[in-house]
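Asker: When you get a sec, could you give me coordinates for this:
(chains A and B)
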2 protein chains.
Amino acid sequence: MKNPPKAPKRLAVLVSGSGSNLQALIDRTEDGTLPVDIVRVISNVPGVYALERAEKHGIPVKVIPHGQYANAGEFSQAILEELLRCQADIVCLAGFMRILTAEVPLAFPGRMLNIHPALLPAFGGKGMYGHHVHQAVLDSGTQFSGATVHIVTEEPDAGPIVLQKIVPVLPDDDVESLAKRVLEVEHEIYPQAVKWVAEDRLIIKGKRVAVKED
Amino acid sequence: MKNPPKAPKRLAVLVSGSGSNLQALIDRTEDGTLPVDIVRVISNVPGVYALERAEKHGIPVKVIPHGQYANAGEFSQAILEELLRCQADIVCLAGFMRILTAEVPLAFPGRMLNIHPALLPAFGGKGMYGHHVHQAVLDSGTQFSGATVHIVTEEPDAGPIVLQKIVPVLPDDDVESLAKRVLEVEHEIYPQAVKWVAEDRLIIKGKRVAVKED
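Answerer: A predicted model of the protein is given here:
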């Protein structure tokens, strides 16, 4: 007797801005390469374009403005409640600009992901977000950057690395040209990493991650 | 009237061990792709295999044992004197395991190079030498490492980056297998970087380096 077909994993995406990585995830679910249902898009900022993208594709949205909470712990609790309410199996941070306290990643062990616009562990941690990352990369003189999908743990940008891809840093690059090149590979690797999580294929040992054969 | 042919630049190489990067430099001078004369190999350790490699190829060697000097400053002074005595234009550190005080790099501005077995600025600085580098790379879970040729300045591993090349970190890697893969690209990029310096083709702005067209 065959096993009954499994229901697709339920994905929630947390955003704060334009949501181009959200769009990449949506596109890959719609073309069938990413076998998940995006069940909720949660923003801490009202009116951002990511919410519009979600609505265009019929995905329920929720705005949880961080300013309405006394501290990061209470805000994180509200996020966690919404993630439980929508019965998310997997959570993706996609340009989500607030740091969540530990109870959120602890509720989704190995199933909460973030994407960072550099080759972690380089150019991660405090202050390393958005264009600050690319400026630091350029200032360092390194000839390569890239993007990193990692599992979210209590420590920002320090969880196990699931997938990375390299881009060159060119002599004439500025923040904008480098950001654009990195963003392109973000859109490639984030859906791929989510797919592996959805298929339960990650083997995590310490900070090293291996991927089981399909 | 044509300019008279220029004498090839004079290269001195500082070693402490087996000297596989020295060998790569020797091989490229002998096959004509690296247009320099290796005029001296200086070791701070007697009897290392790098000295034997030099002698096999008729390159004068000098041993300057660091233990015979009261401190890093006096040792560095002895190194500098030998570099001036052999009229070196360019200096390569090739597995040289002592830190030199600032007067040595200052005497060879933009013409003293080191090679580091990782993608600087990641995995550089204090304690990051030899196998410690590869162990740290493996422990971090990053999926890429590589090698970096940089200009030596007062601050260890922090000078302008001349050339980098990537290698993958594989799930089954240990220090030995990763070191071997990185060493192969070291042997490729070090002679290339020295060639650019010998041809006066580097344009250094802050920590960013561009290479003039041939």
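Asker: Secondary structure element holding A:Y129?
Answerer: Under DSSP states H and E, no helix or strand contains A:Y129.
Asker: residues near the closest residue to A:E30 other than its chain neighbours, how many?
Answerer: Closest residue to A:E30 apart from its sequence neighbours, by CB to CB, 6 or more residues apart in numbering or on different chains: A:H57 at 7.4 Å. For every residue, glycine as well, the C-beta is placed using N, CA and C. Burial measure for A:H57: 15 neighbouring residues, criterion other CB atoms under 10 Å in any protein chain shown.
Asker: Give me the next element, helix or strand, following the longest helix seen in chain A.
Answerer: Counting by DSSP state H, the longest helix found in chain A is helix A:175-198. Using DSSP H and E, the helix or strand that directly follows helix A:175-198 along the chain is strand A:202-205.
Asker: For that following strand, which strands pair with it and how are they oriented?
Answerer: If you go by DSSP bridges, strand A:202-205 pairs up with strand A:208-211 (antiparallel).
Asker: Any chance you could give me the partner strand in PDB, C-alpha atoms only?
Answerer: Listed next in PDB are the C-alpha coordinates belonging to strand A:208-211 (Å, rounded to 0.1, in the frame of the first residue of the first chain):
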ATOM      1  CA  ARG A 208      28.000  22.300   9.200                       C
ATOM      2  CA  VAL A 209      25.000  21.300   7.100                       C
ATOM      3  CA  ALA A 210      24.900  18.500   4.600                       C
ATOM      4  CA  VAL A 211      22.000  17.700   2.300                       C
END
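Asker: Just give me how far that strand sits from the chain centre.
Answerer: Centroid displacement of strand A:208-211 relative to its chain, using CA atoms, centre = their mean, to the nearest Å, is 18 Å.
Asker: What average pLDDT does that strand get?
Answerer: Averaged over strand A:208-211, pLDDT sits at 94.
Asker: Please apply the same query to stretch A:136-151.
Answerer: 98.
Asker: rewinding a little: who's in contact with the residue nearest to A:E30?
Answerer: A:I26, A:E30, A:I38 (CB atoms under 8 Å, 6 or more residues apart in numbering or on different chains).
Asker: From the residues you listed, list just the buried residues.
Answerer: Buried residues within these, defined by neighbour count using 16 or more other CB atoms under 10 Å in any protein chain shown: A:I26, A:I38.
Asker: Redo the contacts of A:H57 as a markdown table? Include secondary structure and pLDDT.
Answerer: Shown next, in a markdown table, are these (DSSP: H, G, I helix; E, B strand; the rest coil; pLDDT from 0 to 100):
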| residue | secondary structure | pLDDT |
| --- | --- | --- |
| A:I26 | helix | 98 |
| A:E30 | helix | 97 |
| A:I38 | strand | 98 |
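Asker: Find the nearest non-adjacent residue to A:Q23, please.
Answerer: Nearest one to A:Q23, counting by CB to CB, 6+ apart, is A:R53 at 5.5 Å.
Asker: do the same with A:A12
Answerer: Using CB to CB, 6+ apart, the nearest residue to A:A12 is A:A88, at 3.8 Å.
Asker: ok so, going back, what strand or helix carries the residue nearest to A:Q23?
Answerer: Per DSSP H and E: helix A:49-56 holds A:R53.
Asker: from the contacts of A:H57, which is closest to B:V194?
Answerer: Among those, A:I26 lies closest to B:V194 (CB to CB), at 49.6 Å.
Asker: That closest one is in contact with A:E55, isn't it?
Answerer: No: assessed by CB atoms under 8 Å, A:I26 is found out of contact with A:E55, at 11.3 Å.
Asker: which residues of chain A score low on pLDDT?
Answerer: Along chain A, segments meeting pLDDT under 70 span A:1-4.
Asker: in whatever helix or strand A:L163 lives in, what counts as buried?
Answerer: Following DSSP H and E, the helix or strand that holds A:L163 is strand A:161-168. For strand A:161-168, a neighbour-count test (16+ other CB under 10 Å) marks A:I161, A:V162, A:L163, A:Q164, A:K165, A:I166, A:V167 as buried.
Asker: Quickly list what A:C92 is bridged to.
Answerer: Applying DSSP bridges, one finds that A:C92 bridges with A:V13, A:L113.
Asker: What residues does chain A have near chain B?
Answerer: A:119-122, A:138-144, A:146, A:160-161, A:163-164, A:166, A:171, A:206-211 (CB under 8 Å from any CB of the partner chain).
Asker: Of those, grab the buried ones for ChimeraX.
Answerer: If you want just the buried ones from those in ChimeraX, going by 16+ other CB under 10 Å, the selection is:
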select /A:119,120,121,122,138,140,141,142,143,144,146,160,161,163,164,166,207,208,209
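Asker: still on that earlier bit, could I get the buried residues of strand A:161-168 as TSV with distance to B:E154?
Answerer: Formatted as TSV, the buried residues of strand A:161-168 follow (distance: CB to CB, whole Å):
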residue	distance to B:E154
A:I161	33
A:V162	38
A:L163	38
A:Q164	32
A:K165	35
A:I166	30
A:V167	31
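Asker: Greatest separation within the residues you listed: which pair is it?
Answerer: A:V162 and A:V167 (17.8 Å).
Asker: ok, how many other residues are close to the residue lying closest to A:A118 once chain neighbours are set aside?
Answerer: If the residues on either side of it in the chain are set aside, A:A118 comes closest to A:V133, at 5.0 Å by CB to CB, 6+ apart. As a burial measure, A:V133 scores 23 neighbours (other CB under 10 Å).
Asker: I'd assumed A:L119 was in contact with A:V133.
Answerer: No: if you go by CB under 8 Å, A:V133 and A:L119 don't touch, sitting 10.3 Å apart.
Asker: what sits against A:P191?
Answerer: Per CB under 8 Å, 6+ apart, neighbours of A:P191: A:A24, A:L25, A:D27, A:R28, A:T33, A:L34.
Asker: cool, and A:A210?
Answerer: Residues near A:A210 by CB under 8 Å, 6+ apart: A:L202, A:I203, B:P171.
Asker: gap between the nearest residue to the last one once chain neighbours are set aside and B:P109?
Answerer: The shortest distance from B:P171 to any non-neighbouring residue, by CB to CB, 6+ apart, is to A:A210 (4.1 Å). Per CB to CB, to the nearest Å, A:A210 is found 46 Å from B:P109.
Asker: A:T33 too?
Answerer: Relative to B:P109, and taking CB to CB, A:T33 is found at 53 Å.
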